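# Okay, sequence plus prediction incoming.
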Amino acid sequence: MSTYVRPAVSLVLLMTLVTGALYPLAVTGIAQVAFPDQANGSLVRDEQGQVRGSALIAQEFKGDGWFQSRPSAGAFATVSSSASNLAPSNPALAERVKTDASALYQPELGPVPQALLTTSGSGLDPQLPPEAIAYQLPRVAAARQIPIERLQALVDEATLRPLVGPPVVNVLALNQALERLAPVTDR
Amino acid sequence: MHSYDFALLLAFLALVLLPAPWLGRFYYKVMEGQRTWLSPILGPVELGCYRLSGVRAEQEQNWKQYTLALLAFNLMGFLVLFAVLLLQGSLPLNPQHLPGQEWSLAFNTAVSFMTNTNWQAYSGEASLSYLSQMIGLTVQNFVSAATGLAVLVALCRGIGRRSTHNLGNFWVDMTRATLYGLLPLCIVLALLLVWQGVPQTFADYAHAVTLQGADQSIPLGPAASQIAIKQLGTNGGGFFGVNSAHPFENPTAWSNLFEVASIILIPVALVFTFGHYVKDLRQSRAILACMLGLFLIGGAVGLWAEYQPNPALDSAQVQQSAPMEGKESRFGTTASVLWTVTTTSASNGSVNAMHDSLNPLTGMVAMVNMMVGEVIFGGVGAGLYGMLLFVLIAVFLAGLMIGRTPEYLGKKLQAREVQLLVATLLVMPVGVLVLGAIAASLPGPAGAVSNPGPHGFSQLLYAYTSGTANNGSAFGGFGANTVFHNLMIGLAMLIGRFGYILPVLALAGSLAAKKSAPQGQNSFPTHGPLFAGLLLVTILLVGGLTFLPVLALGPIAEQLSLGF
């Protein structure tokens, strides 16, 4: 039996050493030198150096003067992340979508884009498609008293167009730019 | 679909198909112990492992010895992981002071990672310490994939060799698969992912004050290193609870492309490895054509189904477009469907969109991919040995049709081999239909479903399919973390893993012992379009006929009730 037990025990331990300790340590070492910003969570700081969030993690924004994030099934909880897991046939989904739609609907802008009515997979989606930003543009411009063209320029600047994925706008980055341009006092 | 959608699909196919012939040859050389460009670096590590564990690398094993070694290694790995999960509260590297897992959850998790399933009845960032993620889960991510690769090469040797009892040495195969086969690719992928934004740190969770003044805890950890192996090893267990939908686990469209291609990079390459073992790459091309055909059928049906707007949301105030519930903005529909089809084809089980919220027929494609036994590329090693079983079954059926003793590459298939083949055909039905039926008929366990109507049944069906197929993805609303489901799905995972491995190794032993008959004019050719077509039909008939009734009760009923 020891023909099997000794190699089994020692190889489990050796593989633990190599793949469980040396491998993550080596990757951490290289990553911390090569990509320190990303490796530590793409943290976003203000002028005082205070951490205000992560570029990759959604924040909740309330109020007309802010671009609102993608709806979150977990109320933007980061520990732990969660989704609604509502089936397309679940009446609760249709009910929620239609209630939210009637609150957001603006006749002059047409039907509300789905990204503003559906919760994301992670509950922490940091981005929105450009049409979901465009739907909020008149409201934000009015609340902050900025010309719509100025705001549109800001949005265009913040829009990412990857070659292999849909265009997206980072909501936190956009709201930060907004604060620099025309601060609101209601926080 | 937009131009970026087509760019994604093309880039994906190029990334998995172009390197495959080269990578497949690399795996052949590695597993046969030939020198590669990595030997100067990894050779001393490999030899050190053998010396410290008392393994004599040149000593080959027969199929029983090979199986015992595999079982001993897996049992030991299970026990270590089980202990780490139970005791993590008293172990170091636990900055969030998380307690140990409850026993049935720890059992389920340990089985799940040991069997390359990575079913997760917990949420990583809320219940696992950095230590558990690293020396617990990451290790099993590597060695469970290496185990699959070892079983595959044992079967390849069984088919390729003649008149021998030797199938190789499990310890050597497992070590080489881990060191040469997985580790270097993982380092490359992990760094690519960090570049795109995946965290890799041992620091505590960060604390932030949001723009509107709320407190936010930002979970961090050594994520990239684990995500790299969970993709490449077809494991699928997420560092974070929502897996690759989490913006830290899959931050951009590019990271998404790298991750989704990594799922089947190795399984595709291994098809060519098989060709090198049997010294006939035409066999590889026939098998690859069949796999690709099934993959494209699933992909096309999935894309078509998921682009249909949900009739239940029909309202003048709601934009009618492809449903976005459970999907991330940076992926959209095409990338979400591509991932769904790939992850279920390849027993990976990671997700970048919530399968529970997919349209019914898209969810059904995911289930069918798993129900046919994870042979459409499949898991590392496991996919191809499953596919080779179907190849042998197709050869047997062809033999019946033309009235000759079936033979594959000169090896005659006789009563013993066919018995073993039939045993493997029972694995999926037993795990899905028998265990699933037990769960569905008990009021307590059936209460784990979270959606009403046929979809609720689909949730339970998906759970037992995913467990038995060693996939690990879920209809996430299913409340799987109960003692009953932890134990039953744990059992399904064990049946699904060892119900294949044991017959495959026995078959390898029995084929290796046979003489090889020269292939004459009357042999049924197992390359070319005729055989690839026969293979495809065999897979669909065996899978389809067994599971069609149960699919009619779940996704098909849901589709019809929604009025698409």
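Done, it's in.

# per-residue confidence at residue 19?
Let's take chain A. For residue A:19, the pLDDT comes out at 96.

# look at chain B instead
97.

# could you list every residue that touches the residue most central in space within chain A?
Centroid-nearest residue in chain A: residue A:126, 1.4 Å away (criterion: CA atoms, centre = their mean). Contact analysis of residue A:126 by CB atoms under 8 Å, 6 or more residues apart in numbering or on different chains lists A:54, A:55, A:56, A:57, A:58, A:69, A:170, A:171, A:172, B:247. From N, CA and C alone the C-beta is placed, and that goes for glycine too.

# now with 7 Å?
A:55, A:56, A:57, A:58, A:170, A:171, A:172, B:247 (CB atoms under 7 Å, 6 or more residues apart in numbering or on different chains).

# Which of the residues you listed are buried? Put it as a PyMOL command.
Restricted to buried positions by 16 or more other CB atoms under 10 Å in any protein chain shown, the PyMOL selection for those reads:
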select buried, (chain A and resi 55+56+57+58+170+171+172) or (chain B and resi 247)
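
# Narrow the contacts of residue A:126 to those in helices?
By the criterion of DSSP state H, membership of the contacts of residue A:126 in helices covers A:171, A:172.

# In JSON lines: the contacts of residue A:126, plus pLDDT and distance to residue B:100.
Output for those, formatted as JSON lines (pLDDT from 0 to 100; distance: CB to CB, whole Å):
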{"residue": "A:55", "pLDDT": "97", "distance to residue B:100": "34"}
{"residue": "A:56", "pLDDT": "97", "distance to residue B:100": "30"}
{"residue": "A:57", "pLDDT": "97", "distance to residue B:100": "28"}
{"residue": "A:58", "pLDDT": "97", "distance to residue B:100": "31"}
{"residue": "A:170", "pLDDT": "97", "distance to residue B:100": "38"}
{"residue": "A:171", "pLDDT": "97", "distance to residue B:100": "38"}
{"residue": "A:172", "pLDDT": "96", "distance to residue B:100": "36"}
{"residue": "B:247", "pLDDT": "97", "distance to residue B:100": "29"}
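
# related to what we said a few turns ago, how near is the residue nearest to the centre of chain A to residue B:355?
Applying CB to CB, to the nearest Å, the value for residue A:126 to residue B:355 is 22 Å.

# wait, what's in contact with residue B:231?
Residue B:231 touches B:189, B:259, B:262, B:263, B:350, counting by CB under 7 Å, 6+ apart.

# Identify the residue spatially nearest to it, adjacent ones excluded.
In space, and not counting its chain neighbours, residue B:231 is closest to residue B:262: 4.0 Å by CB to CB, 6 or more residues apart in numbering or on different chains.

# And that neighbour, how far from residue B:158?
From residue B:262 to residue B:158 the distance is 29 Å (CB to CB).

# What of residue A:8?
Counting by CB to CB, the gap from residue A:8 to residue B:158 is 23 Å.

# neighbour-wise, which of those two wins?
residue B:158 (28 against 23; other CB atoms under 10 Å in any protein chain shown).

# State the next helix or strand along the chain beyond the helix or strand containing the more buried one.
Residue B:158 belongs to helix B:139-160 when assigned by DSSP states H and E. Heading C-terminal from helix B:139-160, the first helix or strand you meet, by DSSP H and E, is helix B:170-176.
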